[in-house]
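**Student:** Just a sequence and a predicted model for now, questions to come.
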Amino acid sequence: MEVKAGEFLKQINYPSDLRKFKEEDLERICSELRQFIVDTVSVNGGHFGSSLGVVELTVALHYALNTPYDQLVWDVGHQAYGHKILTGRRASFHTNRIYKGLSGFPKRSESEYDTFGVGHSSTSISAALGMAVASNYKGEKDRQHVAVIGDGAMTGGMAFEALNHAGIENSNILVILNDNCMSIDPNVGALKEYLTDITTSKSYNRFRDDISHVLSKISELGPNAHEVVKKIEKSIKGGLLKKSNFFEALKFRYFGPIDGHDVKHLAKVLNDLKNIPGPKLLHCVTVKGKGYSLAEKDQTKWHSPGLFDKITGEIQKTLTDKPAAPKYQDVFGHTLVELAEKNSKIMGITPAMPSGSSLNIMMKAMPDRAFDVGIAEQHAVTFSAGLATRGMVPFCNIYSTFMQRAYDQVIHDVAIQKLNVVFCLDRAGFAGSDGPTHHGAYDLAYMRCIPNMVVSAPMNEEELRNLMFTAQQENMGPFSIRYPRGNGVMPEWRRPLKAIEVGKSRTICEGEDIAILTIGHIGNEAVKACTELNTEGIHPAHYDMRFVKPIDEELLHMVFKKYKYVVTVEDGCLQGGMGTAVLEFMADNNYSSTVVRLGIPDQVIEHGEQPELWAECGYDALGIVKTVNKFAVSRATKTIAS
């Protein structure tokens, strides 16, 4: 649903239009931009609090910088809605995160103003530094390079690596630290405490105000401006701003903290900083959800609230006559507590996603046994490995797409040492409207090739519980369990826990001529397909594999001896996945059935609701029916010919 823009905002199609306005108009533009985001997201959904918190910063950046010539990189990118609206996409913004519409994140193919595609955290400084070095090499000395990174994303190791490198390159780069004490959940760790100390120090803030006053006059000083800045830096290093020494030690010139919601002052400071060469860091203090009181009060809830009434703040809920099946993540969260109550060795770990993974349930019930380690997937895995060496059973919950960032640690620190770390990979398969940066397309393939690793996926909530129960048994070793974003299929899911024989599949239904092999939640689409096929007089068999590694060889021997046609279905990449494992088994054992693999093809699939993407790739219920029908037609043709 398209919404109307305010009188000033509707005059702004690109940043060049914004720069035609007077400085005193910026506050009204911010107000209209914030209202446009509220109006649009309330009826179309999407990330909310993050973009509201950087409205003033967004306007100031495009007002002070010469974008797109000046390069602006948004870390993660879920805070870039205002940026999109100001850069030629206001009229189409109502399609944000909708199938075939705008991406919810900056995307290079979408706009020249999106200088770098993002979605995962902590990449902005590295990217901006690469751009700055390239510009310097090309002789583009006047080009600005700005990375906007939240204090949550700053906890990622990659951000520290980039700061360390940028400090010695002396390239023209500005890092803007958007400090709001939040990622999706409240930030944790020593960096958060450090930044809090800076922003609450009275002596620091008094001197900060003096610096801000001087900075506002820099542009009037002409050729003497650089000398003034050097004197300011000498004073800073002299002791009054010792708390900034962390960034100073990395050879960054530190400025701030300043009010991230004072748009006129922000624009002045940004304009002044353009005249200061080398690496700089501007510390902006903002409020996530700024301007919408409910989002300010409950920042986690309003990170991405779905559809809501913008007046009352009531979030819409799906109404149904049937009892709702729970989200897989909640089944994980409650089951982990249930297991931990009986097994004192169990601990929970997540990299900054306690509410997204539902580890917050254990964090509340057992705060000494559940850990949010910040946006640091590599650390989360090796920290888990360390726990495992001391006899603990860590359940390391990381989204499938984010586990890609810790792949070496999975191999080097867990698998080689045969440690019993249980990897619970949430958001496996298509992640929906978050799009290709968040799709969990590759975990079956990248986990399957690791020695000592058990690779599994439940078809429903009961199977998830039983796999978790199995994974914490003695001498189990590395164990991977993947499950999708969203709801399962079992309203009555709290059933007695029982161990599953590792590598053993289960039969959903027996059949004739055609066998369907599925892994994970997508097997429920095969159930629908079999129901439809039965009405057509076609009766395929359906087997839920449950494990890709070790794969059920006994079942596969039976399948290839009995069935001429085999269909494999997985919500993951076809290269190296479950279907590939089945083909490998067939080749190794000299079978010759006809096998068709259904799954994610070798291409980047854009955003959309999960059923839309399953259909696009041909492995929803209808796609399975069509595939089986082709076999049925082929079988009938051969029968007639004979």
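**Tutor:** That came through, no problem.
**Student:** May I have the secondary structure class of Ile176?
**Tutor:** Under DSSP: H, G, I helix; E, B strand; the rest coil, Ile176 falls in the strand class.
**Student:** quick one: contacts for Val414?
**Tutor:** The neighbours of Val414, taking CB atoms under 8 Å, 6 or more residues apart in numbering as the test, are 381, 384-385, 388, 421, 478. No exception for glycine: its C-beta is placed from N, CA and C like everyone else's.
**Student:** how about these in a markdown table, adding pLDDT?
**Tutor:** A markdown table is the format used below for those (pLDDT from 0 to 100):
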| residue | pLDDT |
| --- | --- |
| Val381 | 97 |
| Ser384 | 97 |
| Ala385 | 97 |
| Ala388 | 97 |
| Val421 | 98 |
| Pro478 | 98 |
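**Student:** just the residues you listed now: which is nearest Cys284?
**Tutor:** Val381 (32.0 Å; CB to CB).
**Student:** Would you agree that closest one falls within a strand?
**Tutor:** No. Assignment of Val381 by three-state DSSP gives helix, placing it outside any strand.
**Student:** Run a quick neighbour tally on it.
**Tutor:** 29 (other CB atoms under 10 Å).
**Student:** Could you verify my assumption that it touches Phe402?
**Tutor:** No. At 10.7 Å, Val381 does not count as touching Phe402 under the criterion of CB atoms under 8 Å.
**Student:** Give me the common contacts of these two.
**Tutor:** With contacts defined as CB under 8 Å, 6+ apart, no residue is shared by Val381 and Phe402.
**Student:** With secondary structure and distance to Ser124 added, can I get the contacts of Val414 in TSV?
**Tutor:** Listed next are the contacts of Val414 as TSV, based on DSSP: H, G, I helix; E, B strand; the rest coil; distance: CB to CB, whole Å:
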residue	secondary structure	distance to Ser124
Val381	helix	23
Ser384	helix	27
Ala385	helix	29
Ala388	helix	33
Val421	coil	30
Pro478	coil	32
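**Student:** Can you show me the helices along the stretch 51-200 of the chain?
**Tutor:** 55-64, 81-84, 124-138, 157-169, 190-200 (DSSP state H, counting those that start in this stretch).
**Student:** Which strands or helices does the third one pack on?
**Tutor:** This means helix 124-138. Contact partners of helix 124-138 among helices and strands, from 3 or more CB pairs under 8 Å, 6 or more residues apart in numbering; DSSP states H and E: strand 71-74, strand 145-150, helix 157-169.
**Student:** Of all these, which one is nearest His438?
**Tutor:** strand 71-74 (15.7 Å).
**Student:** How far does the closest one sit from its chain's centre?
**Tutor:** 19 Å (CA atoms, centre = their mean, to the nearest Å).
**Student:** Likewise for stretch 164-176?
**Tutor:** 26 Å.
**Student:** Stretch 145-164 now?
**Tutor:** 16 Å.
**Student:** Name the residues of that stretch that are buried.
**Tutor:** Within stretch 145-164, the residues scored as buried using 16 or more other CB atoms under 10 Å are 145-156, 158-160, 162-163.
**Student:** Then stretch 13-22?
**Tutor:** For stretch 13-22, by 16+ other CB under 10 Å, it's 13-15, 18, 21.
**Student:** now those in JSON lines, with distance to Lys251, secondary structure and pLDDT?
**Tutor:** As requested, the buried residues of stretch 13-22 are exported to JSON lines (distance: CB to CB, whole Å; DSSP: H, G, I helix; E, B strand; the rest coil; pLDDT from 0 to 100):
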{"residue": "Asn13", "distance to Lys251": "40", "secondary structure": "coil", "pLDDT": "96"}
{"residue": "Tyr14", "distance to Lys251": "35", "secondary structure": "coil", "pLDDT": "97"}
{"residue": "Pro15", "distance to Lys251": "31", "secondary structure": "helix", "pLDDT": "97"}
{"residue": "Leu18", "distance to Lys251": "33", "secondary structure": "helix", "pLDDT": "97"}
{"residue": "Phe21", "distance to Lys251": "37", "secondary structure": "coil", "pLDDT": "97"}
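**Student:** just to revisit the earlier point, export the helices and strands packed on helix 124-138 to TSV and tack on distance to Asn271 and mean pLDDT?
**Tutor:** Shown next, in TSV, are those (distance: least, CB to CB, whole Å; pLDDT from 0 to 100):
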stretch	distance to Asn271	mean pLDDT
strand 71-74	15	96
strand 145-150	13	94
helix 157-169	22	92
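**Student:** that older thread, among the buried residues of stretch 13-22, pick out the one closest to Glu7, please.
**Tutor:** Using CB to CB, Phe21 comes nearest to Glu7 of the buried residues of stretch 13-22, at 11.6 Å.
**Student:** who touches that closest one in this structure?
**Tutor:** 8, 29, 63.
**Student:** quick check, the second one in a helix?
**Tutor:** Yes. Assigned with three-state DSSP, Ile29 falls within a helix.
**Student:** For it, give its distance to Asp17.
**Tutor:** 10 Å (CB to CB, to the nearest Å).
**Student:** go on, the first one?
**Tutor:** Note on Phe8: its distance to Asp17, by CB to CB, is 10 Å.
**Student:** Kind regards, and thank you for your time.
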